[in-house]
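In: sequence unknown, structure follows:
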């Protein structure tokens, strides 16, 4: 069944863009989608020359244990929109003014910004999320046009950027070596009286 003569090793980088700072990346697509729960989200997919992709996904911010007040919610929305504007500015070379009243208005406006097909190559920072999947980084400057010289790049790798896939060990249940593995034999369960003859 197992033989050193027939064993194979598969060498593949997969369909995901490598972590780190990638160059000459193109915007593949911008989608406005609905989750299974009916929530709108924005999906921006980037692709390198080898067809490997990295995705940026933006969801509506809502109040929770970290976002308690309206001011906290507005600050989170401003940060989120700032990240999205980084993408528009890098790929399109700028953006139009926008005032929207809802998350749905904003993500539809973002999709419209890319409808003319302009797609300048960019430099893009990709890292792992806490579950070990590659994604577009969300820390600091993460995208810029390739027209920016590499020496003048504003993209930096920060300590929060996971560049190594997090390894999560399997949860092994402890085994008590002194625990009985079978039911004990007693005099009442077996004996001379149980014989058929």
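Out: Happy to help now that I have it. Everything quoted here is computed from the prediction, not taken from an experiment.
In: what helices or strands is the helix or strand of the chain with the lowest mean pLDDT leaning on?
Out: Every helix and strand of the chain was ranked by mean pLDDT, DSSP states H and E. The lowest is strand 134-136, at a mean of 89. Judged by 3 or more C-beta pairs under 8 Å, 6 or more residues apart in numbering; DSSP states H and E, strand 134-136 is in contact with strand 53-59, strand 122-128. C-betas here are computed from N, CA, C, even on glycine.
In: flag every buried residue along the next helix or strand after it.
Out: Next along the chain after strand 134-136, taking DSSP states H and E as the criterion, comes strand 143-145. Neighbour-count burial for strand 143-145 flags 143-144 (criterion: 16 or more other C-beta atoms under 10 Å).
In: contacts for strand 143-145?
Out: 86-87, 90-91, 93, 120-125, 136, 153-155 (C-beta atoms under 8 Å, 6 or more residues apart in numbering).
In: out of the residues you listed, the closest to residue 163 would be?
Out: Nearest to residue 163, judged by C-beta to C-beta, of the contacts of strand 143-145 is residue 125 at 10.0 Å.
In: relative to the whole chain's centre, how far out is the lengthiest helix in the chain?
Out: The single longest helix within the chain, with elements called by DSSP state H, is helix 70-92. Its chain's C-alpha centre and that of helix 70-92 lie 18 Å apart, by C-alpha atoms, centre = their mean, to the nearest Å.
In: if you average the pLDDT over it, what comes out?
Out: Taken as a whole, helix 70-92 has a mean pLDDT of 93.
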